[in-house]
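# From the sequence below, what's the structure:
(2 chains)
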Protein chains: 2
Amino acid sequence: MTPAPKKPDWIAVDWGSSHLRAWAMRASGEPFDKAHSTDGMGTLQPSGFEPALLRLVRHWLGDRATPAIACGMVGARQGWAEAAYAAVPCPALSGNLTQPPVADPRLIVHIVPGICQSQPADVMRGEETQIAGYLAQNSDFDGIICLPGTHTKWVHVSAAEIVSFRTFMTGELFALLGTRSVLRHSVAKKGWDDNAFSEALETALSRPEALAGRLFCLRAESLLHQQSPQSARAALSGLLIGAELATAKPYWLGQPVALIGAPQLTATYATALRAQGAGPIVADGDTMTLAGLAAAYASMKETP
Amino acid sequence: MTPAPKKPDWIAVDWGSSHLRAWAMRASGEPFDKAHSTDGMGTLQPSGFEPALLRLVRHWLGDRATPAIACGMVGARQGWAEAAYAAVPCPALSGNLTQPPVADPRLIVHIVPGICQSQPADVMRGEETQIAGYLAQNSDFDGIICLPGTHTKWVHVSAAEIVSFRTFMTGELFALLGTRSVLRHSVAKKGWDDNAFSEALETALSRPEALAGRLFCLRAESLLHQQSPQSARAALSGLLIGAELATAKPYWLGQPVALIGAPQLTATYATALRAQGAGPIVADGDTMTLAGLAAAYASMKETP
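Numbering: from 1, shown residues only, chains lettered A, B, ... in the order given. As a prediction, this is how the structure comes out:
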């Protein structure tokens, strides 16, 4: 006889605009199985939220109701249930988890709230969980956490609280400019050129106001001087990250910096920061998401 | 009897990536009829260029071959026939017109060459014709010509030559960010707010390096502080134009400035420049295109 598959103590869920990922978790915080789909919040109608999650996790459910802890856009106003923002200064995990209505009695969903800042206006959903994960493993960290991505966050953490943060649309600009603008004719979808990246980074860091005037050069360089599409891709990244680092300098200059995110992206940011004399620590984004959701699960268990 | 429709002495053609426009012209440079279609270069295969133009101008053609003078992307490498760039410093109308092969004997097409700059690498196609039109009407103009559009050009003109120029992707960034990025949820397709424009313009002009960090505020302001989509639209425009003006300051500061373009867009730039103490002259883009094509027609007639 094949043994019945092991059931998780709880389920970790990262539910963004374009993806849905779930992990079968032990109470200790260790994952032993995972699943993912493209059922992002942005692709679903409200009536589709519960079925989309059930499609992914049904085989993990048992007789008793299994708690699922979810972070990301699932808690947005257009998500499954709005998990109201906590306002800085506050711990990364602040406020109550929000429970959306779930018809299936085998599942109870808890959504982690995002964090907001009034001035300058800013918001995050999902990154607070990764920050909580990092702080769960590095409880006395005091400094800057940078989370590169579609919307890169620079976060000032002190005394176990998020003090302030700032969002840069660098990842989204890179994708839009490289695939939707006139630059798409000159910028490769893949490939890289370390020198082109470094030169563009230096240009944008030393004269960040020049970004607006440098972008079209990528098109003209390929028309006039046969710049390769791979070099143009790296240069576009260098210009955008350079402009971001220039603006975010008050955050990272002379501060301990932790980079949390996908390995390739954090490596690019680490290269850029090291060129400026900073020595960032790098942590894996998925690992931090799980650690943060585990911290939320643990805190929920403590609350009667 | 109805008189036969008057035939033009020549045809003016403005053929860009997304539009095709033609005017029936008298030898004197006056238009007496016009036509347009959405047969832009970007939507056509090479075999479709001649039929697209004939669909638009056939009823103007007579027994003798009519010359058509064309500017814009029609002369690009992917256009009907590549009209090689002239290099700065040079007059706005430089080099020979290029004749693509035309099967219909009633039509001879001449394409105006674009202009390039090696360092920093930059190119224009179409704007050189508007500049030529402006200089044909203002022969002793010495100063800066700004042509706002999808790719705004800042052009230094001296002694009847283009000395240098710089392209900003401001119009394309405005469209991409407003309709394709996360900001689309917060930015109206139409509408305006003068105060939001002015404030954002000042912010970006005084701290142009902050552009990268200000864009996402437009999303957060609408989520947290109910900023109206019309205000967000004007603020996005103000941020982008402000960053452009800051970078282009060495061009316009203390110089005579002429703005050439669509009336609504030149009005926005004029407002921005006047707030900085500049007193730009405004000229209509279509009128300048026709004046420039007429200058090209006249110079062609002079060449044996």
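# show me what contacts the residue nearest to A:Pro280 when sequence neighbours are not counted?
Leaving aside its sequence neighbours, A:Pro280 sits nearest to A:Val257 (CB to CB, 6 or more residues apart in numbering or on different chains; 4.2 Å). For the C-beta atoms, the positions are set from N, CA and C on the backbone; glycine is no exception. Each residue near A:Val257 by CB atoms under 8 Å, 6 or more residues apart in numbering or on different chains is listed here: A:143-146, A:273, A:278-281.
# and the gap between A:Val257 and chain B?
Taking CB to the nearest CB, to the nearest Å as the measure, A:Val257 falls 17 Å from chain B.
# Equivalent analysis for A:Thr129, please.
A:Thr129 is 19 Å from chain B, by CB to the nearest CB.
# can you check A:Arg106 too?
34 Å.
# Show me which residues of the stretch 1-150 of chain A are close to chain B?
A:77, A:85, A:116-118, A:120-123 (CB under 8 Å from any CB of the partner chain).
# mind putting the residues you listed in JSON lines, pLDDT included?
Output for those, formatted as JSON lines (pLDDT from 0 to 100):
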{"residue": "A:Arg77", "pLDDT": "90"}
{"residue": "A:Tyr85", "pLDDT": "97"}
{"residue": "A:Cys116", "pLDDT": "98"}
{"residue": "A:Gln117", "pLDDT": "98"}
{"residue": "A:Ser118", "pLDDT": "97"}
{"residue": "A:Pro120", "pLDDT": "95"}
{"residue": "A:Ala121", "pLDDT": "97"}
{"residue": "A:Asp122", "pLDDT": "98"}
{"residue": "A:Val123", "pLDDT": "98"}
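# returning to that earlier point: got the phi/psi numbers for the residue nearest to A:Pro280?
phi -120, psi 130 (degrees, to the nearest 10).
# so where is the stretch 1-150 of chain A shaky, pLDDT-wise?
Across the stretch 1-150 of chain A, the ranges flagged by pLDDT under 70 are A:1-5.
# Tell me the residue of it that sits nearest chain B?
Residue of the stretch 1-150 of chain A nearest chain B, by CB to the nearest CB: A:Ala121 (3.8 Å).
# contacting residues for that residue?
B:217, B:220-221, B:223-225.
# what about stretch A:290-298, distance to the chain center?
Distance of stretch A:290-298 from the chain centroid (CA atoms, centre = their mean, to the nearest Å) equals 16 Å.
# Please point out which parts of that stretch sit buried.
A:290-297 (16 or more other CB atoms under 10 Å in any protein chain shown).
# Equivalent analysis for stretch A:76-92, please.
So stretch A:76-92, judged by 16+ other CB under 10 Å, has buried residues A:76, A:79-83, A:85-86, A:88, A:90-92.
# next one: stretch A:261-279
In stretch A:261-279, counting by 16+ other CB under 10 Å, buried: A:261, A:265-266, A:268-273, A:278.
# Start and end of stretch A:157-170, how far apart?
22 Å (CA to CA, to the nearest Å).
# What are the buried residues along it?
So stretch A:157-170, judged by 16+ other CB under 10 Å, has buried residues A:157, A:162, A:164-170.
# Let me have the buried residues of stretch A:290-298 in TSV, adding distance to chain B and pLDDT as columns.
Output for the buried residues of stretch A:290-298, formatted as TSV (distance: CB to the nearest CB, whole Å; pLDDT from 0 to 100):
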residue	distance to chain B	pLDDT
A:Leu290	26	98
A:Ala291	26	98
A:Gly292	22	98
A:Leu293	24	98
A:Ala294	28	97
A:Ala295	25	97
A:Ala296	22	97
A:Tyr297	27	97
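# Secondary structure for the residues you listed - can I get that in a markdown table?
A markdown table is the format used below for the buried residues of stretch A:290-298 (DSSP: H, G, I helix; E, B strand; the rest coil):
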| residue | secondary structure |
| --- | --- |
| A:Leu290 | helix |
| A:Ala291 | helix |
| A:Gly292 | helix |
| A:Leu293 | helix |
| A:Ala294 | helix |
| A:Ala295 | helix |
| A:Ala296 | helix |
| A:Tyr297 | helix |
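# Of the residues you listed, just say which sits nearest to B:Cys71.
Proximity of the buried residues of stretch A:290-298 to B:Cys71 (CB to CB) peaks at A:Gly292, which lies at 57.4 Å.
# Can you get me a residue count around the residue nearest to A:Ala103 when sequence neighbours are not counted?
Ranked by CB to CB, 6+ apart and with sequence neighbours excluded, the top spatial neighbour of A:Ala103 is A:Glu50, at 6.2 Å. Residue crowding around A:Glu50 was assessed by other CB atoms under 10 Å in any protein chain shown; the count is 17.
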